[in-house]
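Trainee: with the sequence up front, the predicted model follows.
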Amino acid sequence: MIRATGLTKDFGSRRAIENLTFEAKQGEVVGFLGPNGAGKTTTMRILTGYMPPTYGTAQVAGFDVISESLEVRRRVGYLPETVPLYPEMTVYEYLKFMADLRHLPNGDDMVDAALDLVQMEKRADGYISNLSKGMRQRVGLAQALLHRPEVLILDEPTIGLDPAQVVEFRNTVRDVGKERTVLLSTHILSEAQQLCDRVLIINKGCIVAEDTPENLQSRLVGAEQVVLRVKGEADDLLPIIAKIDGVQNAKLQPNGTLEFQFAPGADIRPAVARATIKAGYDLLEFHPVGLSLEEIFLQLTQDNARKER
Amino acid sequence: MRNIWTIARREYRHYFTSPIAYIAALLTLLTVGIYFVVIIYYMTNQSYYSNTAPGINIVIGPLATVFMFAAPALTMRLLADEQRMGTLELLLTMPIKDGELVVGKWLGAFLFMLTIIVITLVYPIVLNKLTNPGIDQGVMVSGYIAIILLTAVFLAIGTAMSSFFNNQFAAFFATLAVLIVFWWLIRLPTYIVQNDSLNNILNYLDLNGRFNSMLAGTMSLSDIIYPISLTALGLFLSAAAVEIRRWR
């Protein structure tokens, strides 16, 4: 469990985060979304006991991050953005070193289990300096999971991984997140949608939105958006679709696709599909589109700026 | 204590994969070896020395001088390198105290230097065979205690400087500068200033003077307490610097 109340951190005269208040429960995967420099890493560093906040308090696994920092650190698994590894050590030596620092009673077994979890058991005796970026990331995750922590904090964990590795990584995090509290930062919305039960959007050190990924999208867009692609030119199809009841903002895109919106609840997609076929077009693609993080982000920050005015 | 030992063990092993450590060890053993051979050769060929046997100081004297350069080279990366590689963030989020981290790092370097010192024990053994009736065992023990204490001080100052600076070279030169002050410069004012109380303080702080008296076989309690205090101070400052990093 993570509970942050009024977290503020100043670096000299620069305020990195301001009055952050949020909670993450056991068995919940919470995503921390925001652009670079929004304050994600600073918040995570405070929660892992790396640095204290200037103001505010935070409890992790029931312990205060300042006065009971060692207790917090015992219960947290942390994977920083730059995976912290010793290249001159083998994977096994590195994890054993971490197990010794954590005083794990059956260190060898736990190292084996962590290696198994990240599918690195075959590379246990290989030197870290010889590993690929993806494998290093997995070793970093094994380090964070080694002591079976109550709380797992991952800072941009999928950066630099290839698509297959990203899928594996997400599966591992999803499994872990069933029983433990996971807080992960990312700037990829699809990642947050697939992995997180709840998302916190942070901008310039402040939380600007907090909800499930689905709610956040529908709340912000106010209408559902659909993309339609047909074989050949769709110029003549545009007026046909635009005439259907409920269709809003039908537009032809430069890439030849047709985009339109409809009010949530009034699903007019069957009518659109029928009209397209009836007009003699071959339907190639027909799918809803979500807002990108950039769009959500712009919308939220514009809303905030308007409120401030 | 367990954490200190875990960190020290990793650090000690790391030296055996580090080119700087091998260069430092080679430089030390080569210098001491050449010095030893030249002195022995010179003394056996000069009639002036026909009644004088060389003492342990021909081994430990040059060892101290070389250590003044080897210690900063070994300690410059201790914390600065952890910062550069991002592993300091990992260590500072482990359930270990800042003091344990610093002492563990220092202990790893100290054990490596101790290994070099143990290798040099071959010289007193050879010297004992060459001289009649052999070397003074008491002076040898006192001389080796002196070099061990001096190593502890040098490395503690190096550890502190490594925690003050993010840049390894800045840490190296800052360590060297502090060592030069404590080893050579601190007694210089006593030649000019006619103030007994100031001179007493400076003589007390002069590492070289204490080292030489121990090398001559005279050892007082303060000769042991002073370097231990200086080591403790260096490690305390280092732990404080790590703690300050968190709050910055």
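Mentor: Thanks, I have the structure now.
Trainee: in the stretch 201-309 of chain A, which residue sits nearest chain B?
Mentor: Nearest residue of the stretch 201-309 of chain A to chain B, counting by CB to the nearest CB: A:Gly205, 17.5 Å away. Where C-beta positions appear, they are placed from N, C-alpha and C, glycine not excepted.
Trainee: correct me if wrong: B:Arg187 contacts B:Leu207.
Mentor: No - using CB atoms under 8 Å, B:Arg187 makes no contact with B:Leu207, being 9.5 Å away.
Trainee: between these two, which one's more packed in?
Mentor: B:Leu207 (23 against 17; other CB atoms under 10 Å in any protein chain shown).
Trainee: now the more buried one, nearest residue through space, not along the chain?
Mentor: Closest residue in space to B:Leu207, ignoring its immediate chain neighbours: B:Phe182 at 4.8 Å, by CB to CB, 6 or more residues apart in numbering or on different chains.
Trainee: get me the contact residues on chain B for chain A.
Mentor: When proximity is defined as CB under 8 Å from any CB of the partner chain, chain B approaches chain A at B:2-3, B:6-7, B:10, B:14, B:17-18, B:85-87, B:89-90, B:92-97, B:246-248.
Trainee: which of these fall in helices?
Mentor: In helices, judged by DSSP state H, the following of the residues of chain B next to chain A are found: B:2-3, B:6-7, B:10, B:14, B:85, B:87, B:89-90, B:92, B:246-247.
Trainee: shaky segments in chain A?
Mentor: A:217-223, A:264-265, A:290-295, A:297-299, A:301-309 (pLDDT under 70).
Trainee: got the domain boundaries for it?
Mentor: Using automatic domain parsing, the domain ranges for chain A come out as A:2-211, A:223-293.
Trainee: go ahead and flag the most central residue of chain B.
Mentor: For chain B, B:Thr151 is the residue whose C-alpha lies nearest the centre (CA atoms, centre = their mean; 2.0 Å).
Trainee: that one - nearest residue in space that isn't next to it in sequence?
Mentor: B:Thr151 sits nearest to B:Met113 (CB to CB, 6+ apart), 4.7 Å away.
Trainee: that's a helix at the one you found, yeah?
Mentor: Yes - B:Met113 sits within a helix when classified using DSSP: H, G, I helix; E, B strand; the rest coil.
Trainee: shouldn't it be in contact with B:Phe67?
Mentor: Yes - the pair B:Met113 / B:Phe67 is scored as a contact, 7.1 Å apart, by CB under 8 Å.
Trainee: what residues are shared contacts of these two?
Mentor: Residues touching both B:Met113 and B:Phe67 (CB atoms under 8 Å, 6 or more residues apart in numbering or on different chains): B:Thr151.
Trainee: more crowded one of the two?
Mentor: Of the pair B:Met113 and B:Phe67, B:Met113 is the one with more neighbours under other CB under 10 Å, namely 26 against 22.
Trainee: ok so, going back, mind putting the ones in helices among the residues of chain B next to chain A into CSV with pLDDT and distance to A:Arg123?
Mentor: Output for those, formatted as CSV (pLDDT from 0 to 100; distance: CB to CB, whole Å):
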residue, pLDDT, distance to A:Arg123
B:Arg2, 88, 28
B:Asn3, 91, 27
B:Thr6, 95, 23
B:Ile7, 95, 25
B:Arg10, 93, 20
B:His14, 89, 21
B:Met85, 85, 20
B:Thr87, 90, 20
B:Glu89, 90, 24
B:Leu90, 92, 20
B:Leu92, 93, 27
B:Arg246, 81, 34
B:Trp247, 76, 39
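Trainee: quick check: residues of the stretch 1-150 of chain A near chain B?
Mentor: Taking CB under 8 Å from any CB as the contact definition, the stretch 1-150 of chain A meets chain B at A:11, A:45, A:48-52, A:70-71, A:73-74, A:76, A:78, A:80, A:82-86, A:88-89, A:97-98, A:100-103, A:143.
Trainee: in the stretch 51-200 of chain A, which spans are helices?
Mentor: Secondary structure of the stretch 51-200 of chain A (DSSP state H, counting those that start in this stretch): helices at A:69-75, A:91-101, A:107-117, A:133-145, A:163-177, A:189-195.
Trainee: the fifth one: how far from the chain's middle?
Mentor: Yep, that's helix A:163-177 we're talking about. Computed by CA atoms, centre = their mean, to the nearest Å, the chain-centroid distance of helix A:163-177 equals 12 Å.
Trainee: number of nearby residues for A:Val182?
Mentor: A:Val182 has 27 nearby residues by other CB under 10 Å.
Trainee: now swap in the one 4 residues further on and tell me
Mentor: By the measure other CB under 10 Å, the count of residues near A:Thr186 is 23.
Trainee: you'd agree A:Val65 is up against A:Arg45?
Mentor: No - applying CB under 8 Å as the test, A:Val65 and A:Arg45 come out as separate, 10.1 Å apart.
Trainee: the two - which one has more neighbours?
Mentor: The neighbour count for A:Val65 versus A:Arg45, taken as other CB under 10 Å, is higher for A:Val65 (26 against 23).
Trainee: ok, now which ones touch the more buried one?
Mentor: If a contact means CB under 8 Å, 6+ apart, then A:Val65 has A:Ile46, A:Leu47, A:Gly49, A:Pro52, A:Pro53, A:Thr57, A:Ala58, A:Gln59, A:Val72 as its contacts.
Trainee: got it, and A:Arg180?
Mentor: A:Gln26, A:Gly27, A:Pro149, A:Glu150, A:Val151, A:Leu152.
Trainee: try 6 Å
Mentor: By CB atoms under 6 Å, 6 or more residues apart in numbering or on different chains, A:Arg180 lies in contact with A:Glu150, A:Leu152.
Trainee: likewise B:Ala24?
Mentor: B:Ala70, B:Ala73, B:Leu74.
Trainee: mark which of the residues of the stretch 1-150 of chain A next to chain B are buried, thanks.
Mentor: The neighbour count (16 or more other CB atoms under 10 Å in any protein chain shown) marks A:45, A:48-52, A:71, A:73-74, A:76, A:78, A:80, A:83-86, A:89, A:97-98, A:100-102, A:143 as buried among the residues of the stretch 1-150 of chain A next to chain B.
Trainee: one step back: tabulate the domains of chain A (JSON lines), appending distance to B:Gly217.
Mentor: Formatted as JSON lines, the domains of chain A follow (distance: least, CB to CB, whole Å):
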{"stretch": "domain A:2-211", "distance to B:Gly217": "43"}
{"stretch": "domain A:223-293", "distance to B:Gly217": "75"}
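Trainee: got the phi/psi numbers for A:Lys9?
Mentor: phi -140, psi 130 (degrees, to the nearest 10).
Trainee: from what I can see it touches A:Arg15, true?
Mentor: No - under the criterion of CB atoms under 6 Å, A:Lys9 makes no contact with A:Arg15, lying 7.4 Å away.
Trainee: neighbour count for these two, which is higher?
Mentor: A:Lys9 (22 against 16).
Trainee: ok, that one to A:Tyr50 distance?
Mentor: 11 Å (CB to CB, to the nearest Å).
Trainee: where's the nearest residue to A:Pro35 once chain neighbours are set aside relative to chain B, distance?
Mentor: Once flanking residues are discounted, A:Pro35 sits nearest to A:His187: 6.3 Å by CB to CB, 6+ apart. Counting by CB to the nearest CB, to the nearest Å, the gap from A:His187 to chain B is 20 Å.
Trainee: which SS class is the residue nearest to A:Val226 when sequence neighbours are not counted?
Mentor: In space, and not counting its chain neighbours, A:Val226 is closest to A:Pro288: 5.4 Å by CB to CB, 6+ apart. Of the three states, A:Pro288 takes strand under three-state DSSP.
Trainee: neighbours of A:Pro288, how many?
Mentor: Residues contacting A:Pro288 under the criterion other CB under 10 Å number 9.
Trainee: with B:Ile125 instead?
Mentor: The number of residues packed near B:Ile125 is 10, by other CB under 10 Å.
Trainee: how much space separates it from B:Pro133?
Mentor: 15 Å.
Trainee: then A:Ala271?
Mentor: When distance is defined by CB to CB, A:Ala271 is 114 Å away from B:Pro133.
Trainee: quick one: which of those two has more around it?
Mentor: Neighbour comparison, A:Ala271 and B:Pro133: the larger count goes to A:Ala271, with 15 against 7 (by other CB under 10 Å).
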